[in-house]
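Visitor: Pasting the sequence and the predicted model now:
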Amino acid sequence: MATYNFTPKDIYDADFDIKMRGYDKDQVNDLLDDVIVDYERFQEEILSLQEENEFLKKKIRNLESKPQIAVSENTQRFNPLGSVGEAAEAGAGARVTMKSANNFDILKRLNRLERAVFGPQAQTTTSGAESGVSAE
């Protein structure tokens with residue numbers, strides 16, 4: 001920590017010799033009074049900043065010592081297979097788990113994708129293939 005030559009009390013108690021051609025003693029005292037006020041403010045600010053620095057160092061040490069959790073309690077995940085009721089439960093803080101997709105769900109998704117990519121002609125081709133499969 002830095003050392004100082006004067007404290008506010010040292011400045012206040014300073015006494016000067018009086019000489020014939022010296023400065024006006026009242027002006028010197030007024031200036032020293034202002035210097036004392038500033039000096040006290042600087043000391044208060046330094047003390048405040050040192051306390052804040054210590055607080056922040058402790059906070060950093062505490063945060064470094066705790067493991068970081070990536071998932072918060074209110075994290076919601078999109079569940080394409082879930083219903084509206086499950087979404088409401090997810091909003092209430094329940095964890096959403098993905099259901100395993102069965103073959104029927106995969107075929108439905110594939111059908112939607114084909115319609116989106118190929119348009120109506122994919123519907124006729126797919127229905128012809130489905131009728132051939134069901135006829136067997």
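Guide: Arrived safely, thanks for sending.

Visitor: Please report the number of neighbouring residues for residue 39.
Guide: 19 (other C-beta atoms under 10 Å). C-beta here means a position set from N, CA and C on the backbone, and glycine is covered the same way.

Visitor: Pull the contacting residues for it.
Guide: Residues in contact with residue 39, defined by C-beta atoms under 8 Å, 6 or more residues apart in numbering, are 6-8, 11.

Visitor: The same query, at a cut-off of 6 Å, please.
Guide: Listed by C-beta atoms under 6 Å, 6 or more residues apart in numbering, the contact partners of residue 39 are residue 8.

Visitor: go on, residue 10?
Guide: Residue 10 touches nothing, counting by C-beta under 6 Å, 6+ apart.

Visitor: Scan the chain for its longest helix.
Guide: helix 25-65 (DSSP state H).

Visitor: can I see the domain layout of the chain?
Guide: As assigned by automatic domain parsing, the chain contains the domains 8-65, 84-135.

Visitor: low pLDDT regions in this protein?
Guide: For the chain, applying pLDDT under 70 flags the ranges 1-2, 68-101, 120-136.

Visitor: switch to 50 and redo it
Guide: Applying pLDDT under 50 to the chain flags residues 87, 90, 94, 96, 134-136.

Visitor: Now for residue 50, how many residues are close by?
Guide: Here the number of neighbours of residue 50 (other C-beta under 10 Å) works out to 11.
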